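1. Here's a sequence, model it:
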Amino acid sequence: MKRSIKKQFSLIFSLVFIGVILVFIFTNVFLLKFFFMFAKQRALMDSCKEIDLAARGYDLESQDFLLSLRQICEKENLSAVIISADKSTVITYSGNDLALKDRLMTYSAADNRGNVKVLKKTINYTVQHVKDPSSGLEFLEIVGTLTNGEQFLLRSSIEGIKGNVYISNVFLMIVGLIGMLAGSITIQIVMGRIIKPILQLTEISDRITELDFDAKYTGKGEDELDRLGQNINKMSDKLESTICELKEANAGLVQDIEKKEQQEASQREFIANASHELKTPIALIQGYAEGLKEGIIDDKESRDYYCDVIVDEASKMNALVKNLMSLNELELGQKTVNIERFNIAELISNQIQTMSLLAANKGTFICYNPEEYYVFSDEFKVEEAFRNYLSNALNHVSGEFPRIVIETVPEGEVLRVSVFNTGQPVPEEAIPRLWDKFYKVDKARTREYGGSGVGLSIVKATMELLGQKYGCENKDDGVLFYFTLPMS
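-> Residues are numbered from 1 along each chain as shown. You can find the predicted model right below:
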């Protein structure tokens, strides 16, 4: 269960604030009275010292003494009575309170201490707490003798103290309640401002845990929370960049692993196919060679036939090995590309001339209308690719009137070179695999003409090395192969 930090802080500060207010109220209720009593007691003793000092400097009946006595009593709200040592002069200042004289005379004569609690006693004066039995009022008194021998009594009512304490307590409680309400509102506002960036940082951290790095801290201040938010922004950017780099590295690693697996599978397939292609000619060569060695034939014609077979199969093996080596170099990019400008019509015408005898033996007509087009490419590699197309067409041409049609057609900045032969179409599902090494649509027929399934793979590797297009298309009465060459 999630707990709001704002509520926790607000509760803590509110409790502390309320606790402080309650401590003040408790202190005021239970200790303020004692403090006032102590302060009033000190005021009585200080007033006693001031009266004693005035009495030593002035005559009791002088106006200066009377003025000093009045000032002292009014300042501390006191009632006073002073009797000379010979009791011939009595001075009172008590706001028409004539009972003070009787009180002093009674105290002096009988030392009546009923309803009296002595608070402090010295040689010269006594401080006491008195409760008047007739009125029930309470007073603080100080009774004693001045330095010149005059007797005195100073009195201060403590009923006012009780009233002041009560008023103070009520006032403090009201102020405390208002303070608690105002403090709670203030705490909510202040904590809202303080907690807002913390909540924003919490939301950002939650989104970062979900790999959402779009959330950013927007504070612009310079305090610790703002610096923390800015550092989280930097950390988020760095983490996003690192994760992207890791993903890219992981994707590259996966591709490398897949590529390696494909290469290993291709190597295994290559070895298996190469072994299969070489197995038959090797077996024939071995068989006919053993026959010649063991002398199982005597006539010259049979020996010549055996030798022709051996030579033919050796030639096929040699051609296969050369094609495989050429294909391997092309796929590994080990062959250099020599770009030059040459006439494609001359190249095609030369290849037609080379294969004209083979075409005549098969009753095939090669149709080509030479048009001079100059292309920019590697002439040797283009010648090898075209020879494979033409050889493939001669091997698969068929029909009532077998023919091969060669065309060169400009298409924008490239020249499309195509070789068409009449015959059976290639199954659509087999067209993408025609360019795979050792793939044969009709294995029996391929064996008849000694094909190895490498020629079209060489065309593919050559065109990819040159950066050109190539492909195969089924036509109504045959199959067309093509590749493109740049003209400028």
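
2. And the helices in the stretch 101-250 of the chain, which stretches?
-> 159-209, 224-294 (DSSP state H, counting those that start in this stretch).

3. would you turn the ones you listed into a markdown table with distance to residue 384, mean neighbour count and mean pLDDT?
-> Where C-beta positions appear, they are placed from N, C-alpha and C, glycine not excepted. Formatted as a markdown table, the helices of the stretch 101-250 of the chain follow (distance: least, Cβ to Cβ, whole Å; neighbours: other Cβ atoms under 10 Å; pLDDT from 0 to 100):
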| stretch | distance to residue 384 | mean neighbour count | mean pLDDT |
| --- | --- | --- | --- |
| helix 159-209 | 58 | 14 | 74 |
| helix 224-294 | 19 | 13 | 74 |
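
4. Any chance of those in JSON lines with distance to residue 71 as columns?
-> Formatted as JSON lines, the helices of the stretch 101-250 of the chain follow (distance: least, Cβ to Cβ, whole Å):
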{"stretch": "helix 159-209", "distance to residue 71": "20"}
{"stretch": "helix 224-294", "distance to residue 71": "60"}
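
5. Please name whichever of those is nearest to residue 389.
-> helix 224-294 (20.5 Å; Cβ to Cβ).

6. Could you name the helices and strands sitting against that closest one?
-> Here helix 224-294 touches helix 159-209, helix 300-331, going by 3 or more Cβ pairs under 8 Å, 6 or more residues apart in numbering; DSSP states H and E.

7. Give me the angle between it and helix 159-209.
-> Computed by axes from the mean of the first three to the mean of the last three Cα atoms, to 10 degrees, the angle separating helix 224-294 from helix 159-209 equals 20 degrees.

8. so which of the helices and strands packed on helix 224-294 gets nearest residue 469?
-> Closest among the helices and strands packed on helix 224-294, using Cβ to Cβ: helix 300-331, at 16.5 Å.

9. neighbouring strands for the following helix or strand past that closest one, and are they parallel or not?
-> Downstream of helix 300-331, the next assigned helix or strand under DSSP states H and E is strand 340-343. When pairing is defined by DSSP bridges, strand 340-343 lines up against strand 374-377 (antiparallel).

10. Show the subsequent helix or strand relative to the strand it pairs with.
-> Heading C-terminal from strand 374-377 (DSSP H and E), you reach helix 379-396.

11. before we move on, back to that, need the helices and strands packed on helix 224-294 in a markdown table (columns: distance to residue 36).
-> Shown next, in a markdown table, are the helices and strands packed on helix 224-294 (distance: least, Cβ to Cβ, whole Å):
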| stretch | distance to residue 36 |
| --- | --- |
| helix 159-209 | 5 |
| helix 300-331 | 108 |
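
12. mind showing which ranges of the stretch 1-150 of the chain have poor pLDDT?
-> Filtered on pLDDT under 70, the stretch 1-150 of the chain yields the residue ranges 1-6, 9-10, 88-89, 92-114, 134-135.

13. can you pull out the strands in it?
-> Under the criterion DSSP state E, counting those that start in this stretch, the stretch 1-150 of the chain contains strands at 79-83, 90-93, 116-121, 125-131, 138-145.

14. repeat for the stretch 351-488 of the chain
-> According to DSSP E, counting those that start in this stretch, the strands that the stretch 351-488 of the chain contains are 365-368, 374-377, 403-411, 414-422, 470-474, 478-486.

15. got those strands as JSON lines, with mean neighbour count and distance to residue 264 columns?
-> Listed next are these as JSON lines, based on neighbours: other Cβ atoms under 10 Å; distance: least, Cβ to Cβ, whole Å:
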{"stretch": "strand 365-368", "mean neighbour count": "16", "distance to residue 264": "42"}
{"stretch": "strand 374-377", "mean neighbour count": "18", "distance to residue 264": "33"}
{"stretch": "strand 403-411", "mean neighbour count": "17", "distance to residue 264": "39"}
{"stretch": "strand 414-422", "mean neighbour count": "21", "distance to residue 264": "35"}
{"stretch": "strand 470-474", "mean neighbour count": "16", "distance to residue 264": "26"}
{"stretch": "strand 478-486", "mean neighbour count": "21", "distance to residue 264": "30"}
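
16. Please identify the most buried of the strands of the stretch 1-150 of the chain.
-> strand 79-83 (a mean of 22; mean count of other Cβ atoms under 10 Å).

17. Partner strands of that one, with direction?
-> Partners of strand 79-83 in its sheet, by DSSP bridges: strand 90-93 (antiparallel), strand 151-157 (antiparallel).

18. Relative to residue 255, which of these is closest?
-> strand 151-157 (101.7 Å).

19. Over the closest one, what's the mean pLDDT, rounded is fine.
-> When pLDDT is averaged over strand 151-157, the result is 84.

20. between that strand and strand 125-131, how big is the angle?
-> Using the same axes, to 10 degrees, strand 151-157 lies at 40 degrees relative to strand 125-131.

21. ok, now which ones touch residue 118?
-> Shown in contact with residue 118 (Cβ atoms under 8 Å, 6 or more residues apart in numbering): 126-129.

22. Which among the strands paired with strand 79-83 is found nearest to residue 36?
-> strand 151-157 (10.8 Å).

23. Output that closest one as CSV, restricted to C-alpha atoms.
-> The C-alpha trace of strand 151-157 is given here as CSV (Å, rounded to 0.1, in the frame of the first residue of the first chain):
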residue,chain,number,x,y,z
GLN,A,151,7.0,50.6,60.9
PHE,A,152,5.4,49.9,57.5
LEU,A,153,2.9,47.6,55.8
LEU,A,154,2.7,47.2,52.0
ARG,A,155,-0.2,45.3,50.5
SER,A,156,-1.0,44.1,47.0
SER,A,157,-4.2,42.2,46.0
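
24. Figure out which of the strands of the stretch 1-150 of the chain is closest to residue 290.
-> strand 116-121 (145.4 Å).

25. neighbouring strands for the closest one, and are they parallel or not?
-> When DSSP bridges is applied, strand 116-121 pairs with strand 125-131 (antiparallel).

26. for the partner strand, the distance to its chain's centre please.
-> Its chain's C-alpha centre and that of strand 125-131 lie 79 Å apart, by Cα atoms, centre = their mean, to the nearest Å.

27. and if you look at stretch 454-463?
-> Distance, centroid of stretch 454-463 to centroid of chain: 50 Å (Cα atoms, centre = their mean).

28. pretty sure residue 56 is touching residue 149, no?
-> No. The pair residue 56 and residue 149 fails to qualify as a contact (Cβ atoms under 8 Å) at a distance of 11.0 Å.

29. got the contact list for the closest residue to residue 340 other than its chain neighbours?
-> For residue 340, ignoring the flanking residues on the chain, the nearest one in space by Cβ to Cβ, 6 or more residues apart in numbering is residue 379 at 6.1 Å. When the contact criterion is Cβ under 8 Å, 6+ apart, the partners of residue 379 are 338, 340, 342, 347.

30. what number of residues lie near the first one?
-> What it means is residue 338. Residue 338 has 10 neighbours, counted by other Cβ atoms under 10 Å.
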